[in-house]
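K.L.:
sequence first, predicted coordinates after that:
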Amino acid sequence: MKPLFSKNALILSFGIITLVFSIYLTGVITLLCDHPIGGFDFPLAIILFFVFFLCFTRKDLTVGKQFLLLSIILLLFFVAILLANYIYDTSWDGQWYHQLAIIKLKQGWNPYHHPFYKISSFEQKFDQTASSFEWIQHYPKFTWIYAATIFKFFGAVETGKGINLMLVAAVFFNTLNFCAKTIKKREWCLVVAFLLAFDPIACSQLFTDYVDGGLVCLFILIIISLLNLELNEGKERKLSLTILAIAIIAASNIKFTGLVFSGILLFFFGIFWIWKKKPISVFMVIGSAFLFGVLVFGFNPYFENYQSERNPFYPMGEKNPNIFYPNTPKIMYNKNIFQDLFYTLVHSVDNSMTAKFEWKNPLEVKASEIKLFTTSDIRFSGFGPLFQLILEGSIILCVLVLINGKFSLIQALLFICAGWVIITTLINPMGWLARLSPQLYILPILFILTGLLV
């Protein structure tokens with residue numbers, strides 16, 4: 001793949017994630033200044049994005065090329081908004097508390113200065129609304145603040161979920177840039193980029209306010225950016241480092257597991273970089289992003305939760321050891337994570353609470369299985385009817401690579417990432433549920449990548 005196209009793909013990924021972050025940043029700054037999210041926040045975010053993008057690319061792109069790439073990014077953004085507004089979120093959690101949180105922020109709630117609001121007498125009449133306020137007050141708020149900023153300007157609550165398509169696009173272009181440097185055949189570059197960007201969780205939640213698809217996109221951006229730091233030099237290295245920093249802040253504030261799991265991955269790479277004597281500047285940027293993500297952007301929920309409940313991850317923890325247990329199928333009761341994973345990975349695609357164990361033919365795909373992916377919370381084989389076959393084939397490929405005994409630096413880092421996927425899946429009590437352990441989908445693709453790099 002041509003170097004120029006590869007570089008443009010990286011700039012597009014950089015521009016998309018920068019636009020998303022600019023909108024989130026203006027919302028956060030407004031709230032930190034003890035003001036409600038207003039109608040001017042979105043225009044200010046667009047100006048901030050323009051200034052940041054043009055200043056960052058002025059030495060590498062002509063004015064014409066800057067205008068072209070900006071046009072592509074803005075076109076994608078407005079298409080995402082139009083599609084999000086046209087296709088309603090009919091999901092359970094989306095309507096139960098995600099959209100309610102966005103509406104609360106749009107109406108003036110400030111979680112940084114007034115985190116614990118009281119529900120109105122009107123809201124108390126509705127059981128689902130009254131029971132959701134705990135989640136709203138204590139959960140991370142990255143997508144909510146982004147969506148509320150969009151909602152305040154455009155006047156439609158559905159527009160905010162356009163962030164999902166933006167993150168998918170950022171993953172596609174960033175992966176394309178990485179593959180162009182490591183894979184010789186253009187066809188395989190496109191296949192890998194497509195597989196990583198359009199994963200089943202992100203696709204099934206594309207037009208909902210669920211955050212699991214966004215989380216896995218941010219995990220992939222972190223992984224690819226970490227790998228790109230070993231490949232890119234000069235301005236491209238700075239672009240990758242910026243994408244990485246933004247993805248770390250966003251992952252830390254989209255879901256509790258985003259903070260914990262990205263922290264584990266960065267710890268693994270940190271040990272590797274100490275061994276390789278990586279420049280201190282890389283540690284400073286990543287460390288600063290992580291600290292800002294927790295102490296500034298994540299002041300609510302992490303600091304507020306600790307102050308009120310002595311648990312930064314409340315309502316997760318001792319008081320609620322497993323809040324998802326009521327949604328666990330009966331055959332998984334009192335089973336360990338290894339048994340649960342086995343059941344869900346070899347089972348046919350199913351969403352029944354009373355499903356009995358059946359060993360699926362890995363080559364068979366039923367129409368009924370495909371239809372289930374119109375929902376956002378599939379219990380069995382949530383990564384698709386062919387995932388079992390792909391996982392088994394990729395493991396065989398990985399074993400062959402290991403037997404060969406000779407692998408490059410990037411292949412070694414891919415194995416580290418694969419180990420991270422396995423560890424974070426196994427330490428998660430609900431790691432068997434696809435949407436609560438979305439990084440598991442990445443595992444066979446990491447193994448396939450190690451084979452393509454031989």
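P.N.:
Yep, it's here. Numbering: from 1, shown residues only.
K.L.:
packing partners for the longest helix along the chain?
P.N.:
Determined from DSSP state H, the single longest helix within the chain is helix 3-32. Judged by 3 or more Cβ pairs under 8 Å, 6 or more residues apart in numbering; DSSP states H and E, the packing partners of helix 3-32 are helix 41-57, helix 63-86, helix 142-154, helix 163-182, helix 212-228, helix 234-252. The C-beta positions use only the backbone N, C-alpha and C, and glycine is treated the same way.
K.L.:
alpha carbons of the second one, in CSV - could you do that?
P.N.:
Output for helix 63-86, consisting of C-alpha atoms alone and laid out as CSV, is shown next (Å, rounded to 0.1, in the frame of the first residue of the first chain):
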residue,chain,number,x,y,z
VAL,A,63,-3.9,23.7,2.1
GLY,A,64,-5.8,21.7,-0.5
LYS,A,65,-5.1,18.4,1.2
GLN,A,66,-6.0,19.8,4.6
PHE,A,67,-9.4,21.0,3.2
LEU,A,68,-10.0,17.6,1.6
LEU,A,69,-9.3,15.6,4.7
LEU,A,70,-11.3,18.0,6.9
SER,A,71,-14.2,17.7,4.4
ILE,A,72,-14.1,13.9,4.7
ILE,A,73,-14.1,14.0,8.5
LEU,A,74,-16.9,16.5,8.7
LEU,A,75,-19.0,14.6,6.1
LEU,A,76,-18.5,11.4,8.1
PHE,A,77,-19.5,13.3,11.3
PHE,A,78,-22.8,14.7,9.8
VAL,A,79,-23.7,11.4,8.2
ALA,A,80,-23.2,9.7,11.6
ILE,A,81,-25.5,12.3,13.2
LEU,A,82,-28.2,11.9,10.5
LEU,A,83,-28.1,8.1,10.7
ALA,A,84,-28.2,8.2,14.5
ASN,A,85,-31.1,10.5,14.5
TYR,A,86,-33.0,8.5,11.8
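K.L.:
show me which positions of that helix end up buried.
P.N.:
66, 69-70, 72-73, 76-77, 80-81, 83-85 (16 or more other Cβ atoms under 10 Å).
K.L.:
export those residues as CSV, with columns for distance to Ile271.
P.N.:
Output for these, formatted as CSV (distance: Cβ to Cβ, whole Å):
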residue, distance to Ile271
Gln66, 39
Leu69, 37
Leu70, 39
Ile72, 38
Ile73, 36
Leu76, 37
Phe77, 38
Ala80, 38
Ile81, 42
Leu83, 42
Ala84, 40
Asn85, 45
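K.L.:
if we can go back for a sec, quick one: which of the helices and strands packed on helix 3-32 is nearest Phe383?
P.N.:
helix 212-228 (10.6 Å; Cβ to Cβ).
K.L.:
contacts for stretch 91-99?
P.N.:
Where contact means Cβ atoms under 8 Å, 6 or more residues apart in numbering, the residues beyond stretch 91-99 that reach it are 89, 128, 132, 135-136, 143-144, 157, 161, 205, 208-211, 375-377.
K.L.:
what's the end-to-end length of it?
P.N.:
10 Å (Cα to Cα, to the nearest Å).
K.L.:
can you pull the buried residues of it?
P.N.:
Residues of stretch 91-99 classed as buried: 91, 93-95, 97-99 (neighbour count, 16+ other Cβ under 10 Å).
K.L.:
and it, how far out from the chain middle?
P.N.:
When C-alpha coordinates are averaged (Cα atoms, centre = their mean, to the nearest Å), stretch 91-99 and its chain have centres 18 Å apart.
K.L.:
could I get the helices and strands packed on helix 3-32 as TSV with mean pLDDT?
P.N.:
As requested, these are arranged in TSV below (pLDDT from 0 to 100):
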stretch	mean pLDDT
helix 41-57	95
helix 63-86	96
helix 142-154	97
helix 163-182	96
helix 212-228	97
helix 234-252	94
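K.L.:
filter the contacts of stretch 91-99 to the buried ones?
P.N.:
By 16+ other Cβ under 10 Å, the contacts of stretch 91-99 give 89, 132, 135-136, 143-144, 157, 161, 205, 208-211, 376-377 as buried.
K.L.:
the bottom helix or strand of this protein by mean pLDDT?
P.N.:
None of the helices or strands of the chain scores lower by mean pLDDT, DSSP states H and E than helix 121-124, at a mean of 59.
K.L.:
wait, what's in contact with the closest residue in space to Ile72 that isn't next to it in sequence?
P.N.:
Closest residue in space to Ile72, ignoring its immediate chain neighbours: Leu12 at 6.5 Å, by Cβ to Cβ, 6 or more residues apart in numbering. With contact set as Cβ under 8 Å, 6+ apart, Leu12 has these partners: 69, 72-73, 169, 173.
K.L.:
same deal with Phe50?
P.N.:
By Cβ under 8 Å, 6+ apart, Phe50 lies in contact with Leu70.
K.L.:
I'd like to know how far it sits from Phe67.
P.N.:
To Phe67, Phe50 is 11 Å away according to Cβ to Cβ, to the nearest Å.
K.L.:
Cys217 too?
P.N.:
Using Cβ to Cβ, we find Cys217 at a distance of 27 Å from Phe67.
K.L.:
any regions of this protein where pLDDT drops low?
P.N.:
Flagging of the chain using pLDDT under 70 yields the residue ranges 1-5, 118-131, 318-326, 454.
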